[in-house]
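Enquirer: the following comprises the amino acid sequence and a computationally predicted model.
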Amino acid sequence: MDAVSPIELAFNGIAKRYGTTQAIDGVDLEIARGSFVALVGASGSGKSTLLKTVNRLVVPDEGAILFAGEDVGGLAAPALRRRIGYVFQSVGLFPHMTVAENIAIGPRLAHQPIGAARVAELLALVELEPDHARRMPDALSGGQRQRVGVARALAAEPQLLLMDEPFGALDPVTRNALGRKVRELHDRLGLTTLMVTHDMAEALLLAERVLVMAGGRIVADEAPHALLGGAGGEEAQALVAVPRDQADAIAELER
Ligand SMILES: Nc1ncnc2c1ncn2[C@@H]1O[C@H](COP(=O)(O)OP(=O)(O)OP(=O)(O)O)[C@@H](O)[C@H]1O
């Protein structure tokens, strides 16, 4: 990505209230095409709500979101969602469908079905075996299910990938491997990726830009190396302190 990358996503004055809770409190943000952006912050700070405004699972009270220059509020939701891959923590695979059927569901519903060869290609992308296609979701490990979730999100060849705590339920080794895999796919497929995570270490390692939310606002917007150098203010530095303190404590144990 370079300085002249076009803007893939622009949030202009986004606000969303639930009763007395101001979930999003005026977000202005531009995300460059091809970038991998992490959204971190305390529980309840508004990360998921902000992410869901992009694919219209949440409709903001105020403001507009431009996706490749088009106002998402003016697009039909199914057409919009076909251009956006969405991966979330609980995966949401249909239990009564095979892995192949789960992967193919989006294109099928859009009347653009994909064949077995494309399913096999998608399985290979996420490093699953061809014979996983015939399995039912409950015959997979959590990590394998999450890989199927990523394959499903990529099935319609989206240009934008939204991920909401995609690796949250996984063990640390699987989490690390799948995070790296997703970053590699992001690069290889030329995606723009917006990932919500609780884990600052994951954000620092995978993203090139880290946004910190607090109270429905973006309070820091920095590159990982700048955050590690002390930038971003109090909220951001409190989050950076967690993996740093852990690394220090482990280094201490090794002495
Ligand atoms: N559908 C809803 N109805 C009522 N309140 C909601 C709804 N969705 C979110 N909220 C509230 O809006 C605020 C922001 O929620 P959101 O899920 O965006 O936070 P988050 O940063 O993603 O949190 P977490 O990290 O715990 O997932 C919270 O106070 C939450 O309780």
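Expert: Here it is on my side, so go on.
Enquirer: near the ligand, which residues of the protein?
Expert: 18, 21, 23, 41, 43-49, 198 (CB under 6 Å from any ligand atom). For glycine as for every other residue, the C-beta is placed from the backbone atoms N, C-alpha and C.
Enquirer: among these, which are in helices?
Expert: Judged by DSSP state H, the subset of the residues of the chain next to the ligand located in helices is 47-49.
Enquirer: which residue is nearest the middle of this protein?
Expert: In the chain, the centroid-proximal residue (CA atoms, centre = their mean) is Met163; its distance is 1.9 Å.
Enquirer: if I read this right, it contacts Val87, doesn't it?
Expert: Yes: using CB atoms under 8 Å, Met163 is in contact with Val87, at 4.5 Å.
Enquirer: does the residue nearest to the centre of the chain count as helix, strand or coil?
Expert: strand (DSSP: H, G, I helix; E, B strand; the rest coil).
Enquirer: residues in contact with it?
Expert: 86-88, 182, 193-196 (CB atoms under 8 Å, 6 or more residues apart in numbering).
Enquirer: so how far is the ligand from it?
Expert: 12 Å (CB to the nearest ligand atom, to the nearest Å).
Enquirer: so what's that residue bridging to?
Expert: Val87, Met195 (DSSP bridges).
Enquirer: number of residues surrounding Gln22?
Expert: 16 (other CB atoms under 10 Å).
Enquirer: helices along the chain, start to end?
Expert: Using DSSP H, helices in the chain cover 47-54, 77-82, 99-109, 116-125, 142-154, 172-189, 200-206, 224-228, 233-254.
Enquirer: on contacts alone, who are the packing partners of the fifth one?
Expert: Packed against helix 142-154, as judged by 3 or more CB pairs under 8 Å, 6 or more residues apart in numbering; DSSP states H and E, are the following elements: strand 84-88, helix 99-109, helix 116-125, helix 172-189.
Enquirer: could you dump the ones in helices among the residues of the chain next to the ligand to TSV with pLDDT and neighbour count?
Expert: Shown next, in TSV, are these (pLDDT from 0 to 100; neighbours: other CB atoms under 10 Å):
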residue	pLDDT	neighbour count
Lys47	96	27
Ser48	95	19
Thr49	96	22
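Enquirer: where does the prediction get shaky in this structure?
Expert: Where the chain drops to pLDDT under 70, the residues are 1-4.
Enquirer: how does it look with 50?
Expert: 1 (pLDDT under 50).
Enquirer: wait, Gln22 sits on Ala15?
Expert: Yes: counting by CB under 8 Å, Gln22 does reach Ala15; the two are 7.3 Å apart.
Enquirer: what residues do those two have in common as contacts?
Expert: In contact with both Gln22 and Ala15: Gly216, using CB under 8 Å, 6+ apart.
Enquirer: neighbours of the nearest residue to Leu93 once chain neighbours are set aside, how many?
Expert: Residue nearest to Leu93 in three dimensions, not counting chain neighbours: Pro137, with 4.2 Å by CB to CB, 6 or more residues apart in numbering. Residues near Pro137, counting by other CB under 10 Å, number 19.
Enquirer: who are the contact partners of Pro137?
Expert: Each residue near Pro137 by CB under 8 Å, 6+ apart is listed here: 93-95, 97, 99, 102, 145, 148.
Enquirer: kindly report the same for Gly168.
Expert: 89, 197-198.
Enquirer: want to throw the helices and strands packed on helix 142-154 into CSV with mean neighbour count?
Expert: Shown next, in CSV, are the helices and strands packed on helix 142-154 (neighbours: other CB atoms under 10 Å):
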stretch, mean neighbour count
strand 84-88, 22
helix 99-109, 21
helix 116-125, 16
helix 172-189, 16
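Enquirer: in a markdown table: these, plus distance to Ala231.
Expert: Listed next are those as a markdown table, based on distance: least, CB to CB, whole Å:
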| stretch | distance to Ala231 |
| --- | --- |
| strand 84-88 | 29 |
| helix 99-109 | 39 |
| helix 116-125 | 35 |
| helix 172-189 | 22 |
